[in-house]
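**Q** Build me a model from this:
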Amino acid sequence: MTGVITRATPVPAPGMPGRVRIYEVGPRDGLQNEQEIVPLEVKEEFVRRLLAAGLPVVEATSFVHPRWVPQLADAADLMTALGDSIGEAARDCPVLVPNERGLDRALELGLRHVAVFASATETFAAKNLNRTLDSQLEMFAPTIERALAAGMDVRGYVSMCFGDPWEGPVEPQQVVTVGQRLLEMGVGELSLGDTIGVGTAGHVTALVEAFTAAGTGVDRLALHFHDTYGQALSNVQAGLRAGVTTYDASAGGLGGCPYAQSATGNLATEDLVWLLDGLGIDHGVDLEALVATSAWMAQQLGRPSPSAVVRALAQSTS
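**A** Numbers count the residues shown, from 1 in each chain. Next comes the predicted model:
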């Protein structure tokens, strides 16, 4: 086919950052809700291909109990396999650790980056962690303390930051309270998640402003959007205007949340890259290689990619 546009035309907008860091969550958040177990060798190749595409951070897996997320029961085997195939770089792939047992496994493998996953609401804390809002934070405290003492970098996810399917809208101050508790424990970066994709641009602005008003700089914040209502890219633009420069995304738009049925796919990394390219914002990712990777993974899963950019470009990169 002739005349196909395969790159966004860069037209910089005023007030936007010059560079954005993409935090790729496809191998962990993207695959965790898959019903059919993805073979270990496919997961390993997925991570390797994402790193080769230039993504600066690729979150590989989670050391959660297999009973809760069977898809990630092979977490230790995956990290060992990655160590064999990509060497020292495997130690820099972050992993989610829900508790001290998970941290023990990460320490045994010599990993350098871990994350904990908290809720901004009481109901989701109970459903996801079987804890209250306060007791979930008490549970994380020794995990974070030990990780920091071991020289690890710790990230904190906060879910349900814009809305909760059981409690409804979530006030920004409630999110700030949970987020600042995590920061006080030593978490280096907060990822604020729109777990069910109900957020809109104005809400994003209000939430970031609430954090900055409480003394948290935008350099400590990341944003994690789902595209349930088609608002993810609009929300990214609001975040960019507010000065946030780290965005979570999932290659091919894979993912959801096993404990929130209304949580559909994550923001697709390719769609984010296209937006950033159009705004003239640097990110360091090879879009062609990324699209090829997501098209390959869609074949492994036996269904088309949810990403609009992958669907548009896959034929030209195959």
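**Q** ranges for the strands of the stretch 151-300 of the chain?
**A** 153-159, 163-164, 168-169, 189-194, 221-225, 246-249 (DSSP state E, counting those that start in this stretch).
**Q** Adding mean pLDDT, write these out as TSV.
**A** As requested, the strands of the stretch 151-300 of the chain are exported to TSV (pLDDT from 0 to 100):
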stretch	mean pLDDT
strand 153-159	97
strand 163-164	94
strand 168-169	94
strand 189-194	98
strand 221-225	98
strand 246-249	98
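**Q** Tell me which of those lies nearest to residue 300.
**A** Closest to residue 300 of these, according to Cβ to Cβ: strand 246-249, at 19.2 Å. Just so you know, the C-beta spots here come from the backbone N, C-alpha and C atoms, and that holds for glycine as well.
**Q** Note down every partner strand of the closest one and its orientation.
**A** Under the criterion DSSP bridges, strand 246-249 sits next to strand 21-24 (parallel), strand 221-225 (parallel) in its sheet.
**Q** CSV for the strands of the stretch 151-300 of the chain, including mean neighbour count and distance to residue 36?
**A** Below are the strands of the stretch 151-300 of the chain laid out as CSV (neighbours: other Cβ atoms under 10 Å; distance: least, Cβ to Cβ, whole Å):
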stretch, mean neighbour count, distance to residue 36
strand 153-159, 23, 25
strand 163-164, 22, 29
strand 168-169, 10, 33
strand 189-194, 26, 25
strand 221-225, 25, 25
strand 246-249, 26, 23
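**Q** what's the closest of these to residue 108?
**A** Counting by Cβ to Cβ, and looking across all of the strands of the stretch 151-300 of the chain, nearest comes strand 153-159 at 17.2 Å.
**Q** what does that closest one contact?
**A** Residues from elsewhere that reach strand 153-159 (Cβ atoms under 8 Å, 6 or more residues apart in numbering): 94, 96, 112-120, 124, 128, 140, 144, 147-148, 175, 178-179, 182-183, 186-193, 195, 222, 224, 257.
**Q** what do you get for stretch 127-144?
**A** By Cβ under 8 Å, 6+ apart, stretch 127-144 touches 97-100, 102-103, 116-119, 121-122, 125-126, 154, 156, 159, 166, 178, 181-182, 185-187, 259-260.
**Q** average pLDDT across stretch 108-117?
**A** In this model, stretch 108-117 carries a mean pLDDT of 97.
**Q** now the end-to-end length of it.
**A** Stretch 108-117 has an end-to-end distance of 21 Å (criterion: Cα to Cα, to the nearest Å).
**Q** buried residues in it?
**A** Residues 109, 111-117 are the ones in stretch 108-117 that count as buried (16 or more other Cβ atoms under 10 Å).
**Q** any chance of those residues in JSON lines, with distance to residue 8 and secondary structure too?
**A** What follows is the buried residues of stretch 108-117, written out as JSON lines (distance: Cβ to Cβ, whole Å; DSSP: H, G, I helix; E, B strand; the rest coil):
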{"residue": "109", "distance to residue 8": "39", "secondary structure": "coil"}
{"residue": "111", "distance to residue 8": "35", "secondary structure": "coil"}
{"residue": "112", "distance to residue 8": "34", "secondary structure": "coil"}
{"residue": "113", "distance to residue 8": "31", "secondary structure": "strand"}
{"residue": "114", "distance to residue 8": "34", "secondary structure": "strand"}
{"residue": "115", "distance to residue 8": "30", "secondary structure": "strand"}
{"residue": "116", "distance to residue 8": "35", "secondary structure": "strand"}
{"residue": "117", "distance to residue 8": "33", "secondary structure": "strand"}
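**Q** returning to what we had before: which of the strands of the stretch 151-300 of the chain sits closest to residue 295?
**A** Relative to residue 295, the nearest member of the strands of the stretch 151-300 of the chain by Cβ to Cβ is strand 246-249, separated by 16.4 Å.
**Q** And for the closest one, what's in contact with it?
**A** 20-26, 29, 189, 191, 193, 221-225, 236, 239, 266-269, 271-272.
**Q** Go ahead and produce PDB holding the CA coordinates of it.
**A** What follows is strand 246-249, C-alpha atoms only, in PDB (Å, rounded to 0.1, in the frame of the first residue of the first chain):
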ATOM      1  CA  THR A 246       6.900   9.100  33.900                       C
ATOM      2  CA  TYR A 247       4.100   7.000  32.400                       C
ATOM      3  CA  ASP A 248       3.300   3.400  32.800                       C
ATOM      4  CA  ALA A 249       2.100   1.600  29.700                       C
END
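**Q** any idea how far that strand is from the chain center?
**A** Centroid separation for strand 246-249 versus its chain: 6 Å, with Cα atoms, centre = their mean, to the nearest Å.
**Q** cool, and stretch 271-282?
**A** Worked out by Cα atoms, centre = their mean, stretch 271-282 lies 18 Å from the chain centre.
**Q** what's the burial count for residue 26?
**A** 28 (other Cβ atoms under 10 Å).
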